[in-house]
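Engineer: what's the 3D shape of this:
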Amino acid sequence: QVQPVESGGGLVQAGGSLRLSCAGSGRTLSMYSMGWFRQAPGKEREFVAAIRRTGGNTYYADSVKGRFTISRDDAYDTVFLQMNNLKPEDTAVYYCAAKSMYYNGALDFANPYDSWGPGTQVTVSS
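Structural biologist: Model prediction:
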């Protein structure tokens, strides 16, 4: 089972950008569809973006469409979340999650994912 590990979080002003990275520990991420989720204080974990291993289709929450981009670099075995035009409401802990490439169902909710990273904090100041 792969163990995702996130990095790249931090403090940024509204309108700024951050790029989160997710690397795999134990097994290569190339065998998995990957998702990004976030959880703000007092709120439930919510879907942000996902990329399917087979076909490479990407999916986004309406709240981040046009601002965030999910991608993967198999050469470096890393999945990225490029976040542009950040808003204070994007402040949350961001989690990377992995799901077997053989899964063909929906990726925009937390339940299917098998492995989760510990999270990285993103704080957007106004």
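Engineer: Going by C-alpha atoms from here, please, whenever you check contacts or count neighbours.
Structural biologist: Fine.
Engineer: outside of stretch 16-31, which residues touch it?
Structural biologist: 1-10, 12, 53, 74, 77-86, 96, 98, 100-101 (Cα atoms under 8 Å, 6 or more residues apart in numbering).
Engineer: try stretch 100-115
Structural biologist: Here stretch 100-115 has contacts from 1-4, 31-33, 35, 37, 45-50, 52-54, 59-61, 97-99, using Cα under 8 Å, 6+ apart.
Engineer: Give me the subset of those lying in strands.
Structural biologist: Applying DSSP state E to the contacts of stretch 100-115, the entries found in strands are 3-4, 32-33, 35, 37, 46-50, 59-60, 97-99.
Engineer: Could you identify the most distant pair in these?
Structural biologist: By the measure Cα to Cα, Gln3 and Tyr60 form the most distant pair in these, at 22.7 Å.
Engineer: Since that was my last question, I'll sign off now.
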